[in-house]
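Novice: okay, sequence plus prediction incoming.
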Amino acid sequence: MKNKILIASSLLIAAILSLLWQWYFDAGALKLSVSTDKTEYNSDGVLKIAVRNNSRKNICFSSCYPYFLEKKNSNFEPYSYSVCQAPNLNQDCVEPNQSKFFETALPPVEAGLHRLAIPACVGCKIKNNFREDKKFYSNEFVIK
């Protein structure tokens with residue numbers, strides 16, 4: 001009887017430890033929310049972007065292309081961008097549990113459903129060479 005109680009207790013403790021371990025790693029998962037101030041813009045409008053870092057590591061953005069505008073056809077497809085002639089460095093970083101706000105004029109693009117794709121360097125230092133570790137996406141918005 002003692003062995004059965006010991007085995008049951010061991011299994012229960014193992015299950016609890018497994019759940020705590022999973023919770024710990026899920027809490028540290030990369031979570032970056034990117035949202036625009038509106039869901040509809042005129043083609044000559046100004047896009048205001050809020051970036052919130054809900055992870056345990058800082059997240060940095062490229063000095064060349066901190067975002068790519070994508071248009072939805074059957075899938076989201078990025079517009080063509082020229083090759084950046086300057087060094088591609090980590091320019092702006094968002095520390096854990098912090099937010100940053102950006103603003104940019106919309107380029108002349110086709111009307112339709114769009115979103116931003118934001119390449120990010122995770123756990124990087126400002127002014128080091130940028131490397132894309134992960135890509136985050138904004139909410140969808142319409143450009144008229």
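Specialist: Now that the structure is in, tell me what you want to look at. Numbers count the residues shown, from 1 in each chain.
Novice: of all residues in the protein, which one is nearest the centre?
Specialist: residue 136 (3.2 Å; Cα atoms, centre = their mean).
Novice: now the helix or strand harbouring that residue: mean pLDDT?
Specialist: Assessed by DSSP states H and E, residue 136 sits inside strand 134-137. Averaging pLDDT along strand 134-137 yields 94.
Novice: give me the buried positions along the following helix or strand past it.
Specialist: For strand 134-137, the following helix or strand on the C-terminal side (DSSP H and E) is strand 141-143. Across strand 141-143, burial judged by 16 or more other Cβ atoms under 10 Å covers 141, 143. Bear in mind the C-beta positions are built from the backbone N, C-alpha and C, glycine included.
Novice: partner strands of strand 141-143, parallel or antiparallel?
Specialist: Each strand paired with strand 141-143, and its direction, by DSSP bridges: strand 40-41 (parallel), strand 112-122 (antiparallel).
Novice: which residues are in contact with the last one?
Specialist: Taking Cβ atoms under 8 Å, 6 or more residues apart in numbering as the criterion, the residues outside strand 112-122 that touch it are 30, 32, 34, 36, 47, 49, 51, 55, 57-62, 65-72, 76, 78, 90, 130-143.
Novice: 6 Å instead, please
Specialist: Strand 112-122 is contacted by residues 34, 57, 59-60, 62, 67-68, 70-72, 90, 130-138, 140-143 when judged by Cβ atoms under 6 Å, 6 or more residues apart in numbering.
Novice: ok, which of the strands paired with strand 141-143 comes nearest residue 99?
Specialist: Minimum separation from residue 99 across those (Cβ to Cβ) falls at strand 112-122, 13.9 Å.
Novice: name the residues of the closest one that are buried.
Specialist: Neighbour-count burial for strand 112-122 flags 114-122 (criterion: 16+ other Cβ under 10 Å).
Novice: of all pairs in those, which one is the farthest apart?
Specialist: 114 and 122 (25.1 Å).
Novice: can you tell me the average pLDDT over stretch 11-20?
Specialist: What stretch 11-20 shows for mean pLDDT is 70.
Novice: brain fart, stretch 94-110
Specialist: 93.
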